[in-house]
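Trainee: Let's see this in three dimensions:
(chains A and B)
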Amino acid sequence: MNDVKCECGHVNPHGTVLCEACGKVLDENEINNKELLDMRYEGSARRSQTYNKTIIDKIWNFFSSVKVGVWLIIITLIASTIGTILPQEMYINQPPDVYYEQEYGWFGKLYYQLGLHDLYGSWWYLLLIAMLGISLVICSLDRVVPLYKALKAQRVTRNEGFLKRQRVFGVNEIASENDLTTIKKQLKDRRYHVREENGDLLAEKGRFSRWGPYVNHVGLIIFLFGGILRFIPGFYVNENLWVKEGETAAVPETGGQFYLQNNQFILQHYDKNKDKTFEKAIDRAGAVVKNYQSNVVLYKRESNNLPGEKPKLKKVTDYKVRVNQPLTFEGYSVFQASFRNEMNAMSFSLTNKKTNQSAGNLKIDLQNPKGKYDLGNGYSVEILNYFPDFEFAKSGEPTTKSRVPNNPAFVFRMTSPEKPKGETSFVAIKQTIEPFGDNTYKMAFKGVDTKNVSGFIVRKDSSLWAIILGGIIFMIGVIQGAYWNHRRIWVQNKNGQVWLAAHTNKNWYGLKSEIETVLLGTKFSIPEDRLQKENTDKEDV
Amino acid sequence: MKKRRLIIRTIILFILGAAVAYTLYENLTKDNKQKVAVGEAAPDFALVDMQGNKHRLSEYKGQGVFLNFWGTWCPPCKKEMPYINNQYHQFKDKGVQLMSVDIQESPLAVSQFADRLKLDFPIMIDTDKEVMNTYGIDLLPATFLIDKNGKVLKYHTGELSEDKIREFMEKIKP
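Mentor: All right, here's what the predicted structure looks like:
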């Protein structure tokens, strides 16, 4: 595997098709093949295509193949599409093993069994994206380096074979000094960079547009890197936080550094009479919510307390968290996301069943009920048993489903001067059981206090900068490659004639019309587009 | 030249491969990652029991700690409580401490529960769920075995039989 020395003296790497300096065709196949040169990557040696020895080289060559890259894109595309057929696991609020079969029958079951319910988080999908990323890096590296070298090494004077086999090519028998000067001037006017050597000309512009695709790929890589960042613990946080009115809770994933106190949750509706504009909409939809808001106080922990000990807190700020107006601090954002209403306290009146006279009222805090409520004058009520989320167990015993007071029930012992030993009563919502016969007194239900619980989402995304930066660089690359063309025009003395050849990486029409303007006022003939000529010839036949 | 090419290619492939391996690893382990892993030091905490005595985990260094999280509303917790109570009496003089943590319930509910089941070991209430969050508890009952050096020996979720509790306490006996 030796380097190839061209007759012009330039040493090219092994595998080069066209000499980097003079453009002479070096590759045997290419010599005998076509009339026009394949100018892709300037005929430079894509090294992956040439070295294939070690296992590293083999892996490298696999990923360097554009064919492999295109297939990876197609497979990823198909896989991503499959993930949209049924809703993904994160968007359903039920156990997935039940949900899919229940909703979508055998297909849903299969979908779940194949693991497609969490497709975008599956190892093989990640691997696919990763391979796409690797392919992107290696494809780009393998092409941009030789291309850069070839464009840098090009000389003004080019090999005859190179010029002859350009798509735009023309021969002029005679050319005056004047004409050459005019051409040079008009090229410069059109912002060409003109180099001259032994009376030969090379005019070039827009070379930087050749780097567009690679800049674009760099952007994509940064974008993917941002995606990887999200997997680093602490870089991406997306947690729920429920705080009841009047309570303070630690903000999750802040290492216990921040606490959030919820003073009040506010729910406002549009008023039909006040907001006349929305009258019709309100009529149609019923109540329309105007505002979801939580008035909160953010605290920072000052003490170095252990979990379980009461922390010493320092107030940081007051804030009204509303939809799309999150409270932000140190990279975290606390969004208003939800709310619910919870029973907070229940009021009863100890009442004589016959006379219907009240012996006193009591209010039971459902979060923290007292054991005994003394009503004075020999009247008192004891809570023998408290079931915040009452249900009957299979054995028939009363029990509680959870610690949340969704359906509170009590076993009371009511003591009165008439019944100093007390009477027992079981009280649940809309239900009273007197287990030991007829009681003199009852606990008459007076009312219930509720409190709102605000649902917040705590979010932090430290990968955002990489995603934004990647996106911007991506777009710069697209613009760079799309809105500029790399154009080269050679005017050279060969065999006592003056040859004119031209090449562009795209927009041949633009190049040709530019050549016409450049040649204006000279005796040069307009070079012909041989690809087009070929086509028209065929059409003629 | 060739050697340098091989080195550069190896380095690039290695970097890319490492990034992919890391991402896959983090993705696969994110669901079953324990906040407190077996073999690591158990995070310290301090809670006040129903009698008003403060218990701090690190004060029990040198002894084994049977750390149990529960709730009165959880049926398997209810079942294992009397067993824990029995074994607590067997092992309390042999250097095994019991830390029994109820999660965010009212003192009334907890004390009535303890009375009903005749539990006489110290019970603490994790009012703000801080200890629960520190230990990353999801399902109840949850039991951590902490050895005399303060390291987590075992993590168990679900109901325990009396034999199992004895076996566990035996394990952490110093």
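Trainee: shaky segments in chain B?
Mentor: B:1, B:31-34 (pLDDT under 70).
Trainee: Tell me where the longest helix sits in it.
Mentor: Identified as the longest helix of chain B according to DSSP state H is helix B:2-29.
Trainee: For it, which helices and strands make contact with it?
Mentor: Judged by 3 or more CB pairs under 8 Å, 6 or more residues apart in numbering or on different chains; DSSP states H and E, helix B:2-29 is in contact with helix A:55-64, helix A:123-153, helix A:212-229. C-beta coordinates here come from the backbone N, C-alpha and C atoms, glycine included.
Trainee: Show me which positions of the longest one end up buried.
Mentor: Of the residues in helix A:123-153, those scored as buried under the neighbour-count criterion (16 or more other CB atoms under 10 Å in any protein chain shown) are A:125-126, A:128-144, A:146-147, A:149-151, A:153.
Trainee: go on, the first one?
Mentor: By neighbour count, with 16+ other CB under 10 Å as the criterion, the buried positions of helix A:55-64 are A:56-57, A:59-61, A:63-64.
Trainee: Looking at those residues, which is nearest B:P122?
Mentor: A:I59 (61.6 Å; CB to CB).
Trainee: what's near enough to touch the closest one?
Mentor: Residues near A:I59 by CB atoms under 8 Å, 6 or more residues apart in numbering or on different chains: B:L13.
Trainee: thinking again about what came up before, which stretch among the helices and strands packed on helix B:2-29 comes nearest B:A142?
Mentor: Nearest of the helices and strands packed on helix B:2-29 (CB to CB): helix A:123-153, 28.7 Å.
Trainee: quick check: angle from that closest one to helix A:55-64?
Mentor: 90 degrees (axes from the mean of the first three to the mean of the last three CA atoms, to 10 degrees).
Trainee: who does whatever helix or strand comes next after helix A:123-153 touch, helix- and strand-wise?
Mentor: Using DSSP states H and E, the helix or strand that follows helix A:123-153 in sequence is helix A:160-164. Helix A:160-164 sits against strand A:487-494, strand A:497-504, with contacts defined as 3+ CB pairs under 8 Å, 6+ apart.
Trainee: Redo the ones you listed as a markdown table? Include distance to chain B, mean pLDDT and mean neighbour count.
Mentor: Shown next, in a markdown table, are these (distance: least, CB to the nearest CB, whole Å; pLDDT from 0 to 100; neighbours: other CB atoms under 10 Å in any protein chain shown):
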| stretch | distance to chain B | mean pLDDT | mean neighbour count |
| --- | --- | --- | --- |
| strand A:487-494 | 30 | 92 | 22 |
| strand A:497-504 | 30 | 93 | 22 |
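Trainee: What count of nearby residues applies to residue 39?
Mentor: This is for chain A. Neighbours of A:M39 under the rule other CB atoms under 10 Å in any protein chain shown: 18.
Trainee: Actually, chain B is the one I wanted.
Mentor: 8.
Trainee: which non-adjacent residue is nearest the residue in the stretch 1-150 of chain A that chain B sits nearest to?
Mentor: Residue of the stretch 1-150 of chain A nearest chain B, by CB to the nearest CB: A:A130 (4.1 Å). Setting aside the residues directly before and after it, A:A130 is nearest to B:V20 in space (CB to CB, 6 or more residues apart in numbering or on different chains), at 4.1 Å.
Trainee: Domain parsing of chain B, as residue ranges.
Mentor: As given by automatic domain parsing, the domain ranges for chain B are B:1-33, B:46-172.
Trainee: would you turn those into TSV with mean neighbour count and distance to A:S333?
Mentor: Converted to TSV, those look like this (neighbours: other CB atoms under 10 Å in any protein chain shown; distance: least, CB to CB, whole Å):
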stretch	mean neighbour count	distance to A:S333
domain B:1-33	13	21
domain B:46-172	18	20
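Trainee: Can you add distance to A:K451 and give those domains back as CSV?
Mentor: As requested, those are exported to CSV (distance: least, CB to CB, whole Å):
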stretch, distance to A:K451
domain B:1-33, 34
domain B:46-172, 15
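Trainee: Among these, which comes closest to A:Q261?
Mentor: The minimum distance between A:Q261 and the domains of chain B falls on domain B:46-172, with 12.2 Å, by CB to CB.
Trainee: how far does the closest one sit from the chain's center?
Mentor: Chain-centre distance of domain B:46-172: 9 Å, with CA atoms, centre = their mean, to the nearest Å.
Trainee: Where do the helices of chain A begin and end?
Mentor: Secondary structure of chain A by DSSP H: the helices cover A:28-33, A:55-64, A:66-82, A:96-113, A:123-153, A:160-164, A:177-189, A:212-229, A:279-285, A:464-483, A:508-518, A:530-540.
Trainee: quick revisit: pipe the helices and strands packed on helix B:2-29 into a markdown table and attach mean pLDDT per row.
Mentor: Formatted as a markdown table, these follow (pLDDT from 0 to 100):
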| stretch | mean pLDDT |
| --- | --- |
| helix A:55-64 | 89 |
| helix A:123-153 | 91 |
| helix A:212-229 | 92 |
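Trainee: Output those helices in JSON lines, with distance to B:L28 appended to each entry.
Mentor: What follows is the helices and strands packed on helix B:2-29, written out as JSON lines (distance: least, CB to CB, whole Å):
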{"stretch": "helix A:55-64", "distance to B:L28": "23"}
{"stretch": "helix A:123-153", "distance to B:L28": "6"}
{"stretch": "helix A:212-229", "distance to B:L28": "14"}
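Trainee: Show me the one of those helices that comes nearest B:W70.
Mentor: helix A:123-153 (36.0 Å).
Trainee: Just want the angle from the closest one to strand A:487-494.
Mentor: Using the same axes, to 10 degrees: helix A:123-153 against strand A:487-494 is 40 degrees.
Trainee: If you compare the directions of helix A:123-153 and helix B:2-29, what angle comes out?
Mentor: Orientation of helix A:123-153 against helix B:2-29 (the same axes, to 10 degrees) gives an angle of 150 degrees.
Trainee: Tell me which other helices or strands helix A:123-153 touches.
Mentor: helix A:55-64, helix A:66-82, helix A:212-229, helix B:2-29.
Trainee: quick one, which of those helices is nearest to A:N178?
Mentor: Ranking those by proximity to A:N178 (CB to CB) places helix A:212-229 first, at 38.0 Å.
Trainee: rewinding a little: export the helices and strands packed on helix A:160-164 to a markdown table and tack on distance to A:Q325?
Mentor: As requested, these are exported to a markdown table (distance: least, CB to CB, whole Å):
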| stretch | distance to A:Q325 |
| --- | --- |
| strand A:487-494 | 52 |
| strand A:497-504 | 52 |
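Trainee: do you know which of the ones you listed lies nearest A:N198?
Mentor: strand A:487-494 (7.8 Å).
Trainee: For the spatially most central residue of chain B, which non-adjacent residue is closest in space?
Mentor: By CA atoms, centre = their mean, the mean C-alpha position of chain B lies nearest to B:F144, the distance being 3.5 Å. For B:F144, ignoring the flanking residues on the chain, the nearest one in space by CB to CB, 6+ apart is B:L67 at 4.2 Å.
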